[in-house]
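Asks: output the structure for:
(one chain, ligands or ions: 1)
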Amino acid sequence: MALDRELTDVLSESKKFYPPSAQLRKNANVPDYEKMLKQAAKNPLKFWEEAAHDLHWFKDWDKTFEDKKKPFYKWFVNGKINLAYNALDRHMGTPVEKKLAIIFEDETGVERKFTYKQLYHEVNKLVNALRGLGVRKGDRVAIYMPNIPEIAMAMLACAKIGAMHSVVYAGFSAKALADRINDAKAKVLFTADGSFRRGKVIDLKSIVDEALKETKTIKKVIVTKNNKQKIKFNKRRDVWYKDFVKGQSTEAKCAQMDAEDPAFVLYTSGTTSKPKGVIHVHGGYATGVLRTIKWVFDLKGDEVFWCTADPGWITGHSYIVYGPLLAGVTTLQYEGMPDIPKPDRIWKVVEKYKVNVLYTAPTLIRAMMKYGTAWPKKHKMPSLKILGSVGEPINPEAWKWYYTHVGKRRCPIMDTWWQTETGMNMITPLPSASLKAGSACKPFPGIIADVVDKKGKSVPVGKGGYLIIKNQWPSMIRTIYNNPKRYIKTYWSQVKGAYFAGDVAFKDKDGYFWIQGRTDDVLKVAGHRIGTAEVESSFVAHPSVVEAGVIGVPDPIKGEVIVAFIILNQRAKPSDELKQELKMQVRKGIGPLAVIKDIKFVDKLPKTRSGKIMRRVLKAKELGLPLGDTSSLV
Ligand code: WTA
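Replies: From the prediction side, this is the model:
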């Protein structure tokens, strides 16, 4: 398989190591990366069994792993556990209860803090109020909120009851929200009046009101007052968060869940226009997330952990909400943009709260790079210990900038490759690893990964191929909500017996993995996962559009942006106004996260004989690259 143009850059980087300092190695939770990999590989099941013992189980499991009904694997069979109990209740009566669980700051500078004990009380009140509404084990609760403490509270309260939360990123449109509510048949919806973004207030509640016109299952909407704007209030359906929890007891019983009971559903994009509801479960998810956060970010217990993602994505689920709380450290939630009011806001927050771990995305690093080094230089950041990167491949240039100007060559960068479906970091260094600029290093202990051809055969060193995971792991996706067939087809049918990740990668001679990007029609726009089919179906919903073909093209900051090829019907006339209208159409269908760079009106789209749009051909033409194999082109 051909790899993209950047490969030559990357290959030259693959020869250079950035070793850890002796001090760092000595103090690391895992002092010898390579040794640990070998040790875990001898018996991955034993490795995960030990990891699971870091949690509180109401009842121990009978069997660590079961593969009777492949690929519907089970972990910790018959064990009883609760994800929220492990994140909160377990810390009560220990020194952790007095520690800060959440530090929150918004773009305007408002600050709020919660100790573990306070958070525990808040969550319990919410649990009682939700139970009063009739929310029970197995019910679905939708959450459409900004990155504020109440989103964490809502998630934790659901998990404590055993209800599944379905968090929908608050940048999605009313239609996208409605589709997700309908697929999950959610009973209750959490939202806020609005959120802050770039000094503006986004009116979330009116988006919710619009979405609810298209849904039938939501009985109650719980609204957090976040930025005090005036909103429409439907007295029968809506209730303010404050009134909802008023007078509730600060203690609540925790549901004892089966290890394999679903904890949440999280929708993500795939190759069709319908998003997939990825299911994660209480036992395995808690195990994978706790083990990875502790080891990858070297947590000792007193850290301030700042993951700049949004709780609406898996990164936020695992490393803003559940991971830090399972590990008993302080999680920082910042609601707003990193460069408001000035380009040093991000560094200011690091300095102010003495952040120890900063976990962010390449797109953000590249945006900060553009502003220049003077901004991070203005701030004292000796608290930083470990840096992280996630969401898309980090180019060596951005890696080196982050390493030099943020980490001062002192903080190792954990480039963590993983997915909504994997639940936890999968290919990543640990702080004791020797790093390479732009490589996610090797699979986490207990994970066996490879790069293979279509037949599942390992490809030689330096050759591109499909990234697969050859074994199973506790925090893996269990199924796609209401669609087990799609689960089998998407992940377990491409390469026999292995999990098909959908990414292209290569391994270098030291066994380091270099992730190149997606093989399928999934885009990463500023780290946000969007399906080309979703964008195309938004375009086609416009009355002037007959057909649409959408591709991602490289962008120096956002990683990828969208270029669309549109066939108009005979009555429509191509114009700049129409282009603008079509961009708005996609905004309405998906949300502002789907950034359309350009729209091209065409008469024909390249197609296979079976009628599928050959996006590969569109992309090659757009970028001036060789067309490759076009034998199936009509
Ligand atoms: C990409 C985000 C290169 C990859 C956690 C994957 C990465 C998709 C990295 C999943 C990384 C994530 N290096 N590529 N460190 N991390 N990706 O589900 O293409 O939003 O398949 O999960 O992001 O995106 P998702």
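Asks: now the closest residue to the ligand within the stretch 301-450 of the chain, what are its backbone angles?
Replies: The minimum distance from the stretch 301-450 of the chain to the ligand, using Cβ to the nearest ligand atom, falls at Thr420 (3.4 Å). (Glycine included, C-beta is placed from N, CA and C.) The phi/psi pair for Thr420 (degrees, to the nearest 10) reads phi -50, psi -40.
Asks: list the contacts of it.
Replies: By Cβ atoms under 8 Å, 6 or more residues apart in numbering, the contact set of Thr420 is Leu266, Thr268, Val278, Trp313, Ile314, Ile477, Arg529.
Asks: repeat that with 6 Å
Replies: Going by Cβ atoms under 6 Å, 6 or more residues apart in numbering, Thr420 touches Leu266, Thr268, Val278, Ile314.
Asks: buried sites along the longest helix belonging to the chain?
Replies: Scanning the chain for the longest helix, with DSSP state H as the assignment, gives helix 116-133. Within helix 116-133, the residues that count as buried by 16 or more other Cβ atoms under 10 Å are 116-131, 133.
Asks: need the next SSE after it, C-terminal direction.
Replies: The helix or strand immediately downstream of helix 116-133 is strand 140-144, counting by DSSP states H and E.
Asks: so which strand or helix has Glu351?
Replies: Judged by DSSP H and E, Glu351 forms part of helix 345-352.
Asks: what packs against that helix?
Replies: Contact here means 3 or more Cβ pairs under 6 Å, 6 or more residues apart in numbering; DSSP states H and E; on that basis helix 345-352 packs against no helix or strand.
Asks: how about that helix as CSV, C-alpha atoms only?
Replies: Taking Å, rounded to 0.1, in the frame of the first residue of the first chain, the C-alpha atoms of helix 345-352 are listed here in CSV:
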residue,chain,number,x,y,z
ARG,A,345,-4.5,31.6,27.7
ILE,A,346,-3.5,27.9,27.6
TRP,A,347,-0.1,28.5,29.2
LYS,A,348,-1.7,30.9,31.7
VAL,A,349,-4.0,28.1,32.9
VAL,A,350,-1.1,25.7,33.1
GLU,A,351,0.8,28.2,35.3
LYS,A,352,-2.2,29.3,37.4
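Asks: quick one: contacts for the closest residue to the ligand within the stretch 51-200 of the chain?
Replies: Proximity of the stretch 51-200 of the chain to the ligand (Cβ to the nearest ligand atom) peaks at Tyr169, 10.2 Å away. Tyr169 is in contact with Asp310, Gly312, counting by Cβ under 6 Å, 6+ apart.
Asks: ok, now Glu251?
Replies: Asn124.
Asks: and the gap between it and Gly559?
Replies: 46 Å (Cβ to Cβ, to the nearest Å).
Asks: got it, and Asn43?
Replies: According to Cβ to Cβ, Asn43 stands 38 Å off from Gly559.
Asks: can you map out the strands along the stretch 301-450 of the chain?
Replies: Along the stretch 301-450 of the chain, counting by DSSP state E, counting those that start in this stretch, strands occupy 304-307, 330-335, 357-360, 386-390, 413-416, 449-452.
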